[in-house]
Each structure stands twice: as C-alpha cells, then as structure tokens.
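Q: Okay, sequence plus prediction incoming.
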Amino acid sequence: MLTEAVAGHGQRDTMNSMDEAAQHLDESQRGGRRVAFFGGSFDPPHLGHLAVARAAREAFKLDTVLFAPVGAQPLKMKGSTASFEDRVDLTRLAIADEAGFAVSLADAPKPSGAPNYTIDTLLKLRGELPPDAALFCLMGADSFFGLRQWHRSAEIPFVAPPIVASRPAERSQPRSDLLLADLKAALPAGLTIEPVPGCDEFRSGVEVRAYLVQNPGGRQTRLYLLPGLDVEISASEIREQVRASLGDLSSGHGVLPDAVFEAIRARGLYQ
C-alpha cells in the first residue's frame, strides 16, 4: 500500500489504523496527487518541522505531506534517543488537525536491522503513486548539505525533486540565502545545477526559487529552494533542555507543539 500512513486528524492508535488510513490515501490519489516525502528522526518533532511542511504545502499545493520517522538512519550510528514507536506517536500528535499531513511508516525499522535508505523508500512510493502524480522530497538545509553522503544520492533528485527549506545565516553575518555555490557544493558528484531564469516567485505567500539539475547522461530535473523560512530549532538542544529540566519542560515548551510537550512529560522521555 502507498504510504502505510496515518492521517493527521484524530488520535487513533498508529498500528491499528494502518489499513484504514492506507485505504483513505489510495482513494484520494485517484486523478493524480501531489505528495511530499518528509523523512527524518523527528526526535522529537518540533515547530520547525511544522513550519517547513506548511510552507511546502502552500507553495506546491500539496495534497499530502508524509512525515516519515526513520527506523535506522545510516548516518547516525548512535541511533535516535526515543524509540521508533514513541517518535511515531509524537509525530502523529504534532500533526493532528493539520490538513494534508500524515504519518508514514514507510521508513519503519526493518526486521533484518538493515538501515533505511531514502532512495529505496522514494522508489517504492513512486511505484505506488499513479503515473500522473508528483512526488517531492522535502528536507531542511542541514539534511541537504549532507546529501552527498546518502546512499545512491545522485539518483534521489530524479525520483523526487527536492524541496529544500533554507536556514538563516550565522548571527554574526547579514541574513543571506543559500548561494548557488553552496547548492553546487552539496549536490552529489557529477550533478550540475543552474537557476531557472524567471522562475523565482511567491506562491501563496511563500518565496520559491527553482533550479535545473542535470546528470552526466543529460537527464534533467528540478530542485526548489524555500529561502524565506527563518527556522532555527535544534532537536538536540530540545533534548538537552528536557534533560536539564528534570521533568519541568517549560524551557522547551516554546518550540514544541502542546500535545508533543504533554506526551514527552507524561512518558518521561529524554530524561
């Protein structure tokens, strides 16, 4: 089934809702869909994740943003702090009542313990979508700057054009956007990138810049940058705040959705 996903509305148990949610999503894809895959640890999910997903949803008229907590992230040898089940539950709480947001189990831990590779997940999703559907890969700037290290990274933009949420400049410097040189440096070896003339625009109030990516064989795809987002929230800092508070989470509450805040406190996570 397409997403093994749980829609953001409601508070049903994740695993018990898989069949019903997948059926709902399969029905909604008739006639074409616009889907963004948003993978990551979500350890914990915070307001920065929601801001990125909302901006992409509005700018690209997305039908669905799939929040996919990863089971075993190859580039994080120590793994996640919270369990996969807890991270799925927290993400489900974070996106509750957000139209078009869903939790995907596409990157659930594998029985073999093998790592989850984004390219494999995207290829599976692409194969389950109708031919006229659009699939994007939504990511923050920090993830994009590590793209060269990803498994079969040069294939990813051609399976799902990336939507990259920019990050603010260093506090000691004037605010700047991701420069073309930075984008070129982050792309996997062999890929080239150039701006698409006349394609910088505001979509539903969100600034979007378009770039053309090409591989050595001449195949082309697009990469999109959302340079206007001012999101600077560190999940590791949130976890440290929780540990330091010894149960009083008020110091981290300003960057967490209320339901996530309450669930972390109730479960004693990140202590």
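A: Structure received.
Q: Mind listing what's buried along stretch 205-224?
A: Buried residues in stretch 205-224, counting neighbours by 16 or more other Cβ atoms under 10 Å, are found at 206, 207, 208, 209, 210, 211, 213, 214, 215, 221, 223, 224. Yep, even glycine has a C-beta here, placed from its N, CA and C like the rest.
Q: Any chance you could list what contacts that stretch?
A: 55, 58-60, 136, 154, 157-158, 161-164, 177, 180, 183, 187, 190-196, 199-202, 225-228 (Cβ atoms under 8 Å, 6 or more residues apart in numbering).
Q: hmm, try it at 7 Å
A: By Cβ atoms under 7 Å, 6 or more residues apart in numbering, the list of residues contacting stretch 205-224 from outside reads 55, 58-59, 154, 157-158, 161-164, 183, 190-196, 199-201, 225-228.
Q: Could you tell me how many residues sit around residue 200?
A: For residue 200, the count of nearby residues is 13 (other Cβ atoms under 10 Å).
Q: Ignoring the adjacent residues along the chain, who's closest to it?
A: Nearest non-adjacent residue to residue 200, counting by Cβ to Cβ, 6 or more residues apart in numbering: residue 209, 4.9 Å away.
Q: what separates the helix or strand containing the one you found from the chain centre, distance-wise?
A: Here residue 209 sits within strand 206-214, counting by DSSP states H and E. Once both centres are worked out by Cα atoms, centre = their mean, to the nearest Å, strand 206-214 turns out to sit 18 Å from its chain's centre.
Q: again, but for stretch 44-53
A: Per Cα atoms, centre = their mean, the centroid offset for stretch 44-53 relative to its chain is 9 Å.
Q: List the buried residues of that stretch.
A: Neighbour count says stretch 44-53 has 44, 45, 46, 48, 49, 50, 52, 53 buried, by 16+ other Cβ under 10 Å.
Q: Likewise for stretch 187-195?
A: Quick answer for stretch 187-195 (16+ other Cβ under 10 Å): 187, 188, 191.
Q: what about it, how long is it end to end?
A: 14 Å (Cα to Cα, to the nearest Å).
Q: Same question for stretch 65-81.
A: 24 Å.
Q: can you start the count at 59 instead of 1 from here on
A: From this message on, residue numbering opens at 59, which makes the last subject stretch 123-139.
Q: if we can go back for a sec, tell me the mean pLDDT over the strand holding residue 267?
A: When pLDDT is averaged along strand 264-272, the result is 95.
Q: Report the secondary structure state of residue 196.
A: Taken by DSSP: H, G, I helix; E, B strand; the rest coil, the conformation at residue 196 corresponds to strand.
Q: what's the neighbour count on it?
A: If we define neighbours as other Cβ under 10 Å, then residue 196 has 29 of them.
Q: Pretty sure residue 125 sits against residue 161.
A: Yes: with contact defined as Cβ atoms under 7 Å, residue 125 and residue 161 form a contacting pair (5.3 Å).
Q: what sits in contact with each of these two?
A: With Cβ under 7 Å, 6+ apart as the test, residue 125 and residue 161 both reach 149, 153.
Q: which one among the buried residues of stretch 245-253 gets closest to residue 177?
A: Residue 177 lies nearest to residue 246 out of those, by Cβ to Cβ, at 11.1 Å.
Q: Distance-wise, check that closest one relative to residue 222.
A: Distance of residue 246 to residue 222, given as Cβ to Cβ, to the nearest Å: 14 Å.
Q: now swap in residue 194 and tell me
A: Distance from residue 194 to residue 222, by Cβ to Cβ: 10 Å.
Q: For those two, indicate the residue with more neighbours.
A: Legend: neighbour count by other Cβ under 10 Å for residue 194 and residue 222, higher for residue 222 (26 against 21).
Q: what helix or strand is the more buried one on?
A: Going by DSSP H and E, residue 222 is in strand 220-223.
Q: Out of the contacts of stretch 263-282, which sit inside helices?
A: 113, 116, 117, 215, 216, 241 (DSSP state H).
Q: Quick check: next helix or strand after the helix or strand bottoming out on mean pLDDT in the chain?
A: Here the helix or strand of the chain ranked lowest by mean pLDDT, DSSP states H and E is helix 76-86, holding a mean of 34. Once helix 76-86 ends, the next helix or strand along the chain (criterion: DSSP H and E) is strand 92-98.
Q: Noted, bye for now.
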